[in-house]
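Student: Could you look at this predicted model? Sequence included:
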Amino acid sequence: MSDYVTAIAWTPDNSRLAACSACGEVVLYDGKTGTPTVLQAAQGQSLDALSISHNGQFLATGGQAGILSIWEIQGQSPRLLAQLEHSRLWLDCLEWNPHHAELAFGLGRYVQVWDGLTQTVATTVHFEASSVLDLAWHPQGEYLAVSGNQSLKIWQRQQWDEDPQVLATGGASVAIAWATDGSYLASGNNDCSLLVWDRGCSDPWRMSGFSGKVRQIAWSTPTPTSKTPLIAAISGKDIVTWTKSTDPDIGWTAQILDSHEDKVTAIAFQPNSQLLASASEDNRIYLWHKAQQIAQILKGSSQGFSSLAWNSSGTALAAGGHQGEIFVWTESTQGKGFG
Amino acid sequence: MVAIAVEKAVPVTVLTGYLGAGKTTLLNRILTYEHGQKVAVIVNEFGEVGIDNQLVIDTDEEIFEMNNGCICCTVRGDLIRIISNLMKRRDRFDHLVIETTGIADPAPVIQTFFVDDEVQTQAKLDAVVTVVDAKHIWQHWEAEEAVEQIAFADVVLLNKTDLVKASELDQLEQRIRSMNAIAKIYRTQNAQIEMNTLLGVNAFDLNNALQIDPEFLNETAHEHDETVGSMALVEEKPLDGEKLNDWLGTLLREYGPDIFRMKGILNIAGNDNRLVFQGVHMIFDGRPDRLWKPGETRKSELVFIGRNLEQMNLAAQFQACIVTDNG
């Protein structure tokens, strides 16, 4: 691609990788050969968010121009299905429901849900407190959490007219993530803190003292050997992990992973494991064994990595770079560049 | 790594001024001037500015509070989002200008560049430029925002000078000087000004020595009917670093919301380097600067700009920081 890779995502069957860039490109790459299919050429204005639906049917992007674009990408020739234009608004957060063809996207102070069955906007909810900064579907797809200044709001799917559950955050919540089983919800905040709510409880655990705002959060999948959730968060050049002990008297313990020498841009746990990948502007990707020790160092970018995505089986890791590079590493091969 | 971080930080000019003062005229001048720089502009009202090949972004002001709503920690959420996104582009701009609405409080805009770690590494505040309508400012003295815009400024454009008498201008300039002892004041018509006095000012760079208008120091009678004003403190005797630290810490805790800007060069006992510092509300940045030169008069100079400064007992507290013989 010809500019900063702003987002990447695998299709659910792992056959293709999608990426968008800061000059508005959208490209689908064949996962094996790297052959690109250009969905949208450079536009001038940036695209900031990209998401692929649970069944691999739809791909959605949004960005600076305020245009929500939805492609049907199943089959040999992808086609543009819908473009919804919004003036004066940047679309920088959108996510498909993990179980239904429903796309939630932030639209200023509102969230809209676009329904893939009817191909129309099914609902609009008002976040009110500020612009929407992040949103996340519950892993079972029945709740939508939306974050912004001072609070998180959780709507129940198909009960959009009901008042949402409100969780106070103190500062502005800039990144949110549900635990993979939906039992916890975490919020990274601009006041250098991380909050974690147990689903059944409205008082969160709070971790403060980060070196900057908490920009992204990732949860590991519980495994048979470690049933307790493991959370990783990035702030400045640091990654901080937080583990909940099974002993309630011990609670949560933190560990700082501070090996990166420049801003950490993305983190992602390998599915069904505690192997954590972290990408940084220092031109390195680290793979952290059990999110504790560096197991492997991946290089390739000369100007810094911007984004990361594991495929669903955890056998391939894709990364995007500041200069538009796309990299894929598989378990048995070295990294190879696509474009 | 530090050198790289500095290099990639884009300078930012914050443009404030009450409604109708001439901000848009000035903005259009900046955009059309052949300075060979690519300027990006963030505006609050779209449509008035429209120049080809320049990046103009429209935004709605969004104030985010941190730490339970303390005004010293408020930032502009919309700017954080826009700047973080813009800085990803390969065809970067060389300078960013942020126009605030006429009635905006400038503090959250300024604080955004010190509080948000992501913005801090990508952009550095160059100067706050305030355009003042010489003819109509008299009607706006009651408005807190109009006064604060002047108090926060590094550069003041006394605009529309053709519409008022010279004696009124002198009076106005004196009033502005009493409010803000550090700003450079320029008299303009139609916001005509040399671009190099406007862009690349480096007013927030600690390496730039403090410049207090000598006339301000010489003035014997300041206007004390104003609630917003400046106070300059000058002292040649060396200061006790620890006492000074304690005093400033307490001062900012107690009066942070009322202190808009603060700048200083300090002569600390036992230290051959100058100590330079500046602050915006409770955000405070200080560090050792160059060595005092041989033959240079070592002295401390501090300037405070704020509301109700006389309540803060600044002069006496400052004097109490002077090193005494018996320790």
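Tutor: Nice, thanks for sending it over. Numbering: from 1, shown residues only, chains lettered A, B, ... in the order given.

Student: pLDDT below threshold where in the chain?
Tutor: Going with chain A. In the predicted model, chain A carries pLDDT under 70 at residues A:333-339.

Student: Oops, wrong one, chain B.
Tutor: Where chain B drops to pLDDT under 70, the residues are B:1-7, B:45-54, B:67-69, B:90, B:209, B:213-214, B:217-225, B:325-327.

Student: Which residues does the residue lying closest to residue B:305 once chain neighbours are set aside form beta bridges with?
Tutor: For residue B:305, ignoring the flanking residues on the chain, the nearest one in space by Cβ to Cβ, 6 or more residues apart in numbering or on different chains is residue B:261 at 4.4 Å. C-beta coordinates here come from the backbone N, C-alpha and C atoms, glycine included. Beta-bridge partners for residue B:261, by DSSP bridges, are residue B:280, residue B:305.

Student: In this structure residue B:261 contacts residue B:277, no?
Tutor: No: counting by Cβ atoms under 8 Å, residue B:261 sits too far from residue B:277 to count as a contact (11.6 Å).

Student: Of those two, which one has the most company?
Tutor: Shown here are residue B:261 and residue B:277; by other Cβ atoms under 10 Å in any protein chain shown, residue B:261 has more neighbours (25 against 19).

Student: So the more buried one versus chain A, what's the distance?
Tutor: Residue B:261 sits 24 Å away from chain A, going by Cβ to the nearest Cβ, to the nearest Å.

Student: And for residue A:72, the neighbour number?
Tutor: The burial count for residue A:72: 17, using other Cβ under 10 Å.

Student: again, but for residue B:269
Tutor: 15.

Student: so what's the nearest residue to it once chain neighbours are set aside up against?
Tutor: Distances taken as Cβ to Cβ, 6+ apart place residue B:238 nearest to residue B:269, at 3.8 Å, with adjacent residues excluded. Taking Cβ atoms under 8 Å, 6 or more residues apart in numbering or on different chains as the criterion, residue B:238 is in contact with B:267, B:268, B:269, B:270, B:298, B:322, B:323.

Student: where's the fifth one, which helix or strand?
Tutor: Read that as residue B:298. Under the criterion DSSP states H and E, no helix or strand holds residue B:298.

Student: excluding its backbone neighbours, what's nearest it?
Tutor: Using Cβ to Cβ, 6+ apart, the closest residue to residue B:298 is residue B:267 (4.4 Å).

Student: One more: the second one?
Tutor: Leaving out its chain neighbours, the residue that sits closest to residue B:268 by Cβ to Cβ, 6+ apart is residue B:241, at 4.5 Å.

Student: show me the contacts for the one you found.
Tutor: B:268, B:269, B:270, B:271, B:275.

Student: which bits of chain B sit near chain A?
Tutor: Counting by Cβ under 8 Å from any Cβ of the partner chain, the residues of chain B close to chain A are B:1, B:46, B:58, B:60, B:62, B:64-68, B:73, B:75, B:77-78, B:80-82, B:85, B:88-90, B:116-118, B:121.

Student: Point out the ones among those that are inside helices.
Tutor: Counted as lying in helices by DSSP state H, out of the residues of chain B next to chain A, are B:77, B:78, B:80, B:81, B:82, B:85, B:117, B:118, B:121.

Student: how many other residues sit next to the nearest residue to residue A:39 once chain neighbours are set aside?
Tutor: Leaving out its chain neighbours, the residue that sits closest to residue A:39 by Cβ to Cβ, 6+ apart is residue A:26, at 4.2 Å. Residue A:26 is flanked by 25 other residues according to other Cβ under 10 Å.

Student: so residue A:26 makes contact with residue A:8?
Tutor: No: using Cβ under 8 Å, residue A:26 makes no contact with residue A:8, being 11.0 Å away.

Student: shared neighbours of those two, which are they?
Tutor: A:18, A:19, A:50.

Student: helix, strand or coil for the first one?
Tutor: To tie it back to what came earlier, the one meant is residue A:18. Using DSSP: H, G, I helix; E, B strand; the rest coil, the structure places residue A:18 in strand.

Student: Wait, it touches residue A:6, no?
Tutor: No: with contact defined as Cβ under 8 Å, residue A:18 does not count as touching residue A:6 (11.7 Å).

Student: shared neighbours, the two?
Tutor: Common neighbours of residue A:18 and residue A:6, using Cβ under 8 Å, 6+ apart, are residue A:50.

Student: returning to that earlier point: so which of the contacts of residue B:241 belong to strands?
Tutor: residue B:275 (DSSP state E).

Student: what are the bridge partners for the closest residue to residue A:301 other than its chain neighbours, then?
Tutor: Distances taken as Cβ to Cβ, 6+ apart place residue A:321 nearest to residue A:301, at 3.9 Å, with adjacent residues excluded. Here residue A:321 sits in beta bridges with residue A:305, going by DSSP bridges.
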